[in-house]
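One predicted model, sequence on top.
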Amino acid sequence: MRKKILTTLIAIGCACSIRAQMVSVNTDVAMDVLMAPNIGFEMVIGERSTIGLNVLYTSNPWWAESPVKATFLQPEYRYYFSGRPMAKWFVGVGVIAGVYDVTWKDKIYDGYGGGAGLTFGYVLNLGKRLNIDFHSGFGAFTYRQKEYFVGDNYDIDYTLDGAQRANASGYFLLPTRFGISVTYILK
């Protein structure tokens, strides 16, 4: 299922590049170091604005002492103050959605969530086709998850009428984007 979603997103990104004035592909270096491979696409839609989509996936990274699996999608609209897209200061508005299954300190968190937030940043142009994107953002993230201790029999303890149910939900105010991306402009 995840492969189908990723293939579809890449196909959409390629199809959009045919008509786009400027399209770029990027990866967040900080997430790559944390073994959370990611890819993003950004497309110019106006004199000062772009839309983008980032996809992140991780499965048992080197730094995790317990199992970790997560997949997130993050579309974003950016407004550039310099009068030129993909250059200098920007503010972005985006949403985030994902699924995760994380074991942390003898507790398992298995669920999904979504939210929205603001991103602020600066794009440093290194050449005609290469940029470095410094960004940081925060937002609200709401979740619904199965939360239980390692060793619990979740299948029996947390079912209602034969169906498993989430036993925890809520929201957090947290960083939704934070990193340094290397961007290559395709067109």
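Sure thing, it's come through. These numbers come from a predicted model, not from an experiment.

Enumerate residues external to stretch 31-39 that contact any of its residues.
Stretch 31-39 is contacted by residues 25-28, 54-58, 61-63, 70, 179 when judged by CB atoms under 8 Å, 6 or more residues apart in numbering. (C-beta placed from N, C-alpha, C; glycine too.)

Can you mark which positions in that stretch are buried?
31, 34, 36, 38-39 (16 or more other CB atoms under 10 Å).

So for it, mean pLDDT?
Predicted confidence along stretch 31-39 averages 85 (mean pLDDT).

Now the terminal residues of that stretch, how far apart.
Distance between the boundary residues of stretch 31-39 (CA to CA, to the nearest Å) amounts to 10 Å.

roughly how far out does it sit from the chain middle?
Here stretch 31-39 shows a centroid-to-chain-centroid distance of 11 Å under the convention CA atoms, centre = their mean, to the nearest Å.

Can we start the residue count at 320 from this point?
Okay, using 320 as the starting number, the last item reads as stretch 350-358.

Please, which helix or strand holds residue 441?
Using DSSP states H and E, the secondary-structure element containing residue 441 is strand 426-444.

Which elements pack onto that strand?
strand 387-399, strand 407-423, strand 449-468, strand 487-504 (3 or more CB pairs under 8 Å, 6 or more residues apart in numbering; DSSP states H and E).

What residues of that strand count as buried?
Buried positions in strand 426-444, judged by neighbour count with 16+ other CB under 10 Å: 427-430, 432, 434, 436, 438, 440, 442.

Neighbouring strands - and their directions - for that strand?
Paired with strand 426-444 in the same sheet, following DSSP bridges, are strand 407-423 (antiparallel), strand 449-468 (antiparallel).
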